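A.B. asks: here is the input, now give the coordinates:
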Amino acid sequence: MLSLTGLTYRNVKENIAREPVYFFTMILIEALMFAFDSMLFSKDVQQICEQSFVMDVLIGFVTIFIVAVMIWLIFYMMRQSFKYRSKEMSLYMLFGLKQKEIFKNYTKETILMALIAFVLGVAAGELLKQFLMAIFYRMFRLDYVIEMNFYFQAVILTALIYFFCYGIALVKIRKKFLNSTICQLCELEKITERKEEIKAHVTRKWILSGNRLFIWRSVEAEIKSIKRVIFFVAFLLMISIIGSSIAMMYTDYENKQIDAEYPYDFMIYHENPNLDFQKEKDILSDSVGMQMYHEYVIYENQSSYMNEWLYTNLKFFGNELTNKEGEFDENKLKMEEDFDVYYKYDTYIKLSDYNYLLKMIGEKEITLNKDEYVLQIKRRLEPELSDAIRNRVITCENHKLHCKKICTVDFEQNGHNGADYILVLPDEIVDNMTPYYSVMAATTKRPVTEDITEKLDDYGGNFHYGSNHSILYTSPVLAKKEVEITLKSTVTAVLFPFAYVSLVFLCVAISLLAAHLMSTTKESKKRYELLMKIGMTQKEIDIIIHKQLAIDYLIPLVISIVPGWLISVKISTQFILDTGLRTSFGRYIWLSLLWILTVYIVYFIITDIFFRRNINYGKER
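C.D. replies: Numbering: from 1, shown residues only. All right, here's what the predicted structure looks like:
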């Protein structure tokens, strides 16, 4: 005869065998929690990421939502467990055990099962942490050496959150169980039997009408019984799609945009066009060493035609700076300080300086005839240029120059080489113009970090940065490595929490669906046994099960894809417009769907294997 302790161990084994998908999900969620919590305590993360505090706050914020969803998942699984074991609980009460004793033993089973999942999750989380740390280091272009740094603070924090969820779920289910009578518990079993009887009278119709009708009726019955679960699962999947799409956007930004916006290791602006930058050259030579450098002058010609056209035609400004006739209104610009982003006059550069700067970044040099010029502009603005700008003729004294072509190479046009644009003219034409401001660009042997730029003077003065958006970084003294660390710290602080909540919500969503499907195997088994009795082979029955589960999995996925896709497209389109990324707006959604479907398929395979195992168990006997 089994003791209560022996009964506890036996029930834990049976629960794990009955709900393997749920057990697997709790291990996975625990691993994710421990991995991300470990990053909060990592000294490496705190040293590298300037915005680590922001990431801590965001991860803490999303943890609140994760805890709420986990409590709901655990409570739902406990309720399913009581429904499945209702006859067993009723027998315990008939044998004289008090409800408090029964629930006490159930609590032991739950905590033991949770403890097993916790230990396995911590082990898996330590491995997952190495993967996350490798991604983190790669974002900052640093080499990562695997170190098994076990943070006990992370274990304690994860344990508190994890077992808090179980504790709240147990408190909620305890009240429900203690208020139940033997009759009410038995009623749960009768409800299941009545459902089976209702289905039985149409069983013959399913069989006679073919497999497709059988599958449809089975799926239809599932949908009617779990409408709320399906829509809740679809909602969580939608959040996963949106969250992962945002994570993909920021990752793409980190990988591409920094090199595109800041092609030079170091740049500095001064409003004095006669400055020689000797102090800056000495500091850089002593601290990081210079491979190539070039100091040059940007010119002006008392013209502001290009600036005014941009102010009145770019989507960024809309109609904020135009009068009733649609022309540029300078008075409105004086009132709108945030829109005063261009220099007073149009900016010009010598062809020789332009070619040397192209050479420094490995771009092909260009040639110009005496009557030609090139408009160098940011790539994201080129589609907005009108024919009037593309075919514009510039008059410089007695010379008329037509536009040879529009160039959109990455040229750092955030205030140094013009603001958004610069006009490239033959040297002899520019020599007759007025020097406007001076610039120095350099490529260095080692990265220029913040401690070096602090030694340099900030010659901001008349500095203007163009129609940049809040996501970009501009400064008269611009060091690429410093910018990279600053931007990536901010991006990473947002990226990791989004990835975290997306992964957890995805696992919870699929686990809910899988858990319900696994709970129906007892009822489904009778139907499939009937099919075997009328001559259907095991292989044919397995094919029907594959199809039925595939449809069950597809329904919430399809429901979630439509709103998730539309919201993600809206966000990604605006993101591309703001940052100037060279990619398709649908790329992020496809990438997020790809990995979501990968996880989805893994869960489907696990569910399919154990569903068929439960259906086929005992047939050989």
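A.B. asks: for the rest of this, base every contact and every neighbour count on C-alpha atoms.
C.D. replies: Will do.
A.B. asks: could you measure from E295 over to Q413?
C.D. replies: 16 Å (C-alpha to C-alpha, to the nearest Å).
A.B. asks: next: F82.
C.D. replies: From F82 to Q413 the distance is 66 Å (C-alpha to C-alpha).
A.B. asks: more neighbours: which of the two?
C.D. replies: Set F82 next to Q413 and count neighbours by other C-alpha atoms under 10 Å: Q413 wins out with 21 against 17.
A.B. asks: so how far is Y342 from L310?
C.D. replies: Counting by C-alpha to C-alpha - L310 and Y342 are separated by 9 Å.
A.B. asks: among the two, which residue is more densely surrounded?
C.D. replies: Comparing L310 with Y342 by other C-alpha under 10 Å, the one with more neighbours is Y342, at 26 against 21.
A.B. asks: assess the claim that the more buried one and G466 are in contact.
C.D. replies: Yes: between Y342 and G466 there is a contact at 5.5 Å, judged by C-alpha atoms under 8 Å.
A.B. asks: okay, and the common contacts of the two?
C.D. replies: A419 (C-alpha atoms under 8 Å, 6 or more residues apart in numbering).
A.B. asks: contacting residues around the residue lying farthest from the centre of the chain?
C.D. replies: In the chain, counting by C-alpha atoms, centre = their mean, N398 sits farthest out from the average C-alpha position, at 56.2 Å. For N398, no contacting residues are found, by C-alpha under 8 Å, 6+ apart.
A.B. asks: same question for F23.
C.D. replies: I16, A117 are the contacts of F23 under C-alpha under 8 Å, 6+ apart.
A.B. asks: where does the stretch 301-450 of the chain dip in pLDDT?
C.D. replies: Along the stretch 301-450 of the chain, the model assigns pLDDT under 70 to no residue.
A.B. asks: would you map the strands across it?
C.D. replies: Secondary structure of the stretch 301-450 of the chain by DSSP state E, counting those that start in this stretch: the strands cover 348-350, 372-377, 393-396, 399-407, 421-425, 434-444.
A.B. asks: does T312 touch E325 like I think?
C.D. replies: No: with contacts counted by C-alpha under 8 Å, T312 stays clear of E325, the gap being 11.1 Å.
A.B. asks: the more surrounded of the two?
C.D. replies: Between T312 and E325, counted using other C-alpha under 10 Å, the more crowded position is T312 (20 against 7).
A.B. asks: show me the contacts for that one.
C.D. replies: Here T312 is in contact with G318, N319, L321, T322, G326, E327, F328 (criterion: C-alpha under 8 Å, 6+ apart).
A.B. asks: in JSON lines, list the residues you listed along with distance to Y356.
C.D. replies: Rendered in JSON lines, the data for those read as follows (distance: C-alpha to C-alpha, whole Å):
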{"residue": "G318", "distance to Y356": "36"}
{"residue": "N319", "distance to Y356": "38"}
{"residue": "L321", "distance to Y356": "36"}
{"residue": "T322", "distance to Y356": "38"}
{"residue": "G326", "distance to Y356": "40"}
{"residue": "E327", "distance to Y356": "37"}
{"residue": "F328", "distance to Y356": "35"}
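A.B. asks: of the residues you listed, buried ones?
C.D. replies: Listed as buried from the contacts of T312 are N319, L321, T322, F328; burial here means 16 or more other C-alpha atoms under 10 Å.
A.B. asks: so which residues of the stretch 151-300 of the chain form strands?
C.D. replies: Under DSSP E, counting those that start in this stretch, the stretch 151-300 of the chain gives strands at 266-270, 290-300.
A.B. asks: for N179, give me the backbone phi and psi.
C.D. replies: phi -90, psi 0 (degrees, to the nearest 10).
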